[in-house]
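Undergrad: this one's sequence-less:
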Ligand SMILES: [Zn+2]
């Protein structure tokens, strides 16, 4: 479940709750409409739609979704467990089993990975894993077993994405020697004995290490960073 805050173009706000299915349909619609969207580290998302209405500057319609249970910082171990479940669409948790398979009860199976009942309970309690309806299966081909499908929650996927993409922009150098940034001597302005130019450029990078860029100005750098995080969020949804 998500808390939903809608901010209308006129500045008025509305509060509500959204199920995960509703949140997902909202995200898919936002992708189709090419809205700006950014996942938050706590598993939420902010969707901004520009309403032009024939003006030079658009009005904004903003929908912010925040999970009822905000996601904490994901440890490498938790991230590894969630990735195992993401990679296994047929992952399940054993709900009931007969002897000698009782020890399977509460365990999660995701292809070659198995998680202990305590770990599974913590991930479900924290809102990171979601269990589906029970179905009948067998432990060894003939002893009956009841299982529940398990998947990674939308909030967990958003948080995983946002936490994996910690972006940064560097402080511009400010006044530097012309030659230091490859400009010919004589460009720039005289400060005492030295010829200095203003270097406003800013480097941008991301903790995912798949991406880095130079921007001629820090404002542009911030724009690059936002574009990268938005692209990442889109990929999570489609
Ligand atoms: Zn990144």
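TA: On my side now, so go ahead. If you're wondering where the values come from, they're calculated on a predicted model, not measured in any experiment.
Undergrad: Now the top helix by length along the chain: average pLDDT?
TA: Counting residues, the longest helix in the chain under DSSP state H turns out to be helix 218-237. Throughout helix 218-237, pLDDT has a mean value of 84.
Undergrad: pLDDT weak spots in this protein?
TA: 179, 181, 183-195, 238 (pLDDT under 70).
Undergrad: how about the helices in the chain?
TA: Along the chain, counting by DSSP H, helices occupy 20-32, 76-86, 117-125, 154-164, 218-237.
Undergrad: Adding distance to residue 106 and mean neighbour count, write those helices out as CSV.
TA: Bear in mind the C-beta positions are built from the backbone N, C-alpha and C, glycine included. Output for these, formatted as CSV (distance: least, C-beta to C-beta, whole Å; neighbours: other C-beta atoms under 10 Å):
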stretch, distance to residue 106, mean neighbour count
helix 20-32, 23, 15
helix 76-86, 15, 16
helix 117-125, 3, 16
helix 154-164, 20, 23
helix 218-237, 29, 17
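Undergrad: would you turn these into a markdown table with distance to residue 12?
TA: A markdown table is the format used below for the helices of the chain (distance: least, C-beta to C-beta, whole Å):
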| stretch | distance to residue 12 |
| --- | --- |
| helix 20-32 | 19 |
| helix 76-86 | 37 |
| helix 117-125 | 36 |
| helix 154-164 | 26 |
| helix 218-237 | 26 |
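Undergrad: which one of the ones you listed lies closest to the ion?
TA: Evaluated with C-beta to the ion, the helices of the chain place helix 218-237 nearest to the ion, the distance being 5.6 Å.
Undergrad: does any part of that closest one sit near the ion?
TA: No. On the criterion C-beta under 5 Å from the ion, helix 218-237 is out of touch with the ion, staying 5.6 Å away.
Undergrad: Show me what that helix is in contact with.
TA: 24, 27-28, 30-31, 36-39, 45, 157-158, 161-162, 164-165, 167-172, 200, 202-204, 206, 208, 211, 213, 215 (C-beta atoms under 8 Å, 6 or more residues apart in numbering).
Undergrad: just the residues of the protein that are near the ion, which are they?
TA: Contact residues (C-beta under 5 Å from the ion) of the chain with the ion: 165, 206, 208.
Undergrad: Give me the buried subset of the residues you listed.
TA: Among the residues of the chain next to the ion, those buried by neighbour count (16 or more other C-beta atoms under 10 Å) are 165, 206.
Undergrad: Keep only those of the residues of the chain next to the ion that are in strands.
TA: Taking DSSP state E, the ones among these that sit in strands are residue 206.
Undergrad: quick revisit: ok and the longest helix of the chain relative to helix 154-164, angle-wise?
TA: Interaxial angle of helix 218-237 relative to helix 154-164 (axes from the mean of the first three to the mean of the last three C-alpha atoms, to 10 degrees): 140 degrees.
Undergrad: Now do helix 218-237 and helix 20-32, the angle between them.
TA: Put simply, helix 218-237 runs at 130 degrees to helix 20-32, going by the same axes, to 10 degrees.
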